[in-house]
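Pasted the sequence and its predicted model underneath.
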Amino acid sequence: MTDDLGRIHAVVQPIAAATRKTRGAWERIETWLRQYAPTSAALLRWPATTDQIAAVEDAIGHPFPHALRAWYLLHDGSAGVDSADPVGSYGRVDWLPRAKGWLPLQSVQAQYELMTLQWEREPGLIPFACNPRDGWYGYYVDAREDGPDYGRVGTWAVDQESVPTGWALPDWLEAIATALEERRCLRRADGTEDEFSQPVVHEAGLTWIDPRDGFKDGMTYLRDLVTEGR
């Protein structure tokens, strides 16, 4: 009996820790968005249900890692990521690093099927973010349970092989929260700075730009934001 309880605890404890860390990191990100980028925050969709997540898992043949499931139970991605942009959201929906938008569940399934069936990519890499509306570049979470990168974030592209970032999803979200709070670019898992992806506020929304591409009128680097009460 004691051994059984020990085995259950060994399984449950990491799940609970990943869930807590994901929720805590997301609370920090959403709080920041609502304060400094309200038009991005307004595009967040309602929470997904466990049944909706299960339907996608069944369709793609891979359960979501626990952190990814916890994130979608908070919001089902953002509106305007994969559409003709009827809400005029470009520059506000792409608030994830490298100017990516958070995919709703139905788009997760569609993008996964595109990647595995048409692009013939290896199954088990679940896309959760992409360039708004084109779906050619984005982020995935590795859902291959027996692999070394299970639960970790990576990048995918239509014309390149997928590349792990080294971040577990909860740690990646925490790194984003810290970057926003400290008003700087994201640091990679190895501690180096991703200096060619700088967060800026534009039209009350968050996006990320490559400074080499120029700075548009109306954009504000986070270091130049005016804090309430100052």
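Nice, I can see it.

residue ranges of the strands in this structure, please?
Along the chain, the segments classed as strands by DSSP state E run 101-102, 125-130, 137-142, 152-157, 160-168, 198-202, 205-209, 220-221.

Compare those strands and report which one is nearest to residue 42.
strand 205-209 (8.8 Å; C-beta to C-beta). Any C-beta I mention is one placed from the backbone N, CA and C, and that applies to glycine too.

any weak-confidence spans in the chain?
Scanning the chain for pLDDT under 70 picks out 1-14, 83-91, 227-230.

if we go to 50?
4-12, 84-86, 228-230 (pLDDT under 50).

how much space between residue 223 and residue 183?
5 Å (C-beta to C-beta, to the nearest Å).

Need the strands of the chain in CSV (columns: mean neighbour count and distance to residue 111).
CSV is the format used below for these (neighbours: other C-beta atoms under 10 Å; distance: least, C-beta to C-beta, whole Å):
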stretch, mean neighbour count, distance to residue 111
strand 101-102, 27, 12
strand 125-130, 25, 4
strand 137-142, 24, 7
strand 152-157, 20, 9
strand 160-168, 15, 13
strand 198-202, 21, 24
strand 205-209, 23, 20
strand 220-221, 14, 31
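
which one of those lies closest to residue 92?
strand 205-209 (2.9 Å).

Hmm, residue 201 and residue 36 touching each other?
Yes. The pair residue 36 / residue 201 is scored as a contact, 6.0 Å apart, by C-beta atoms under 8 Å.

Return every residue with contacts to both of the two.
Residues touching both residue 36 and residue 201 (C-beta atoms under 8 Å, 6 or more residues apart in numbering): 222, 225.

All the helices of this structure, residue numbers only.
Counting by DSSP state H, residue ranges of the helices within the chain are 2-36, 38-41, 50-60, 66-72, 105-113, 169-181.

now the ones you listed in TSV, with distance to residue 189 and mean neighbour count?
Listed next are the helices of the chain as TSV, based on distance: least, C-beta to C-beta, whole Å; neighbours: other C-beta atoms under 10 Å:
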stretch	distance to residue 189	mean neighbour count
helix 2-36	15	14
helix 38-41	25	21
helix 50-60	26	15
helix 66-72	15	23
helix 105-113	23	20
helix 169-181	8	21
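
for those, which one sits closest to residue 80?
It's helix 38-41; of those, that one is closest to residue 80 (C-beta to C-beta) at 10.2 Å.

packing partners for that closest one?
helix 2-36, strand 205-209 (3 or more C-beta pairs under 8 Å, 6 or more residues apart in numbering; DSSP states H and E).

contact partners of it?
Applying C-beta under 8 Å, 6+ apart, the set of residues contacting helix 38-41 is 30, 33, 34, 78, 89, 92, 93, 95, 203, 204, 205, 206.

cool, stretch 25-34 as well?
Counting by C-beta under 8 Å, 6+ apart, 40-41, 44, 71, 74, 95, 170, 173-174, 176-177, 180-181, 206 sit against stretch 25-34.
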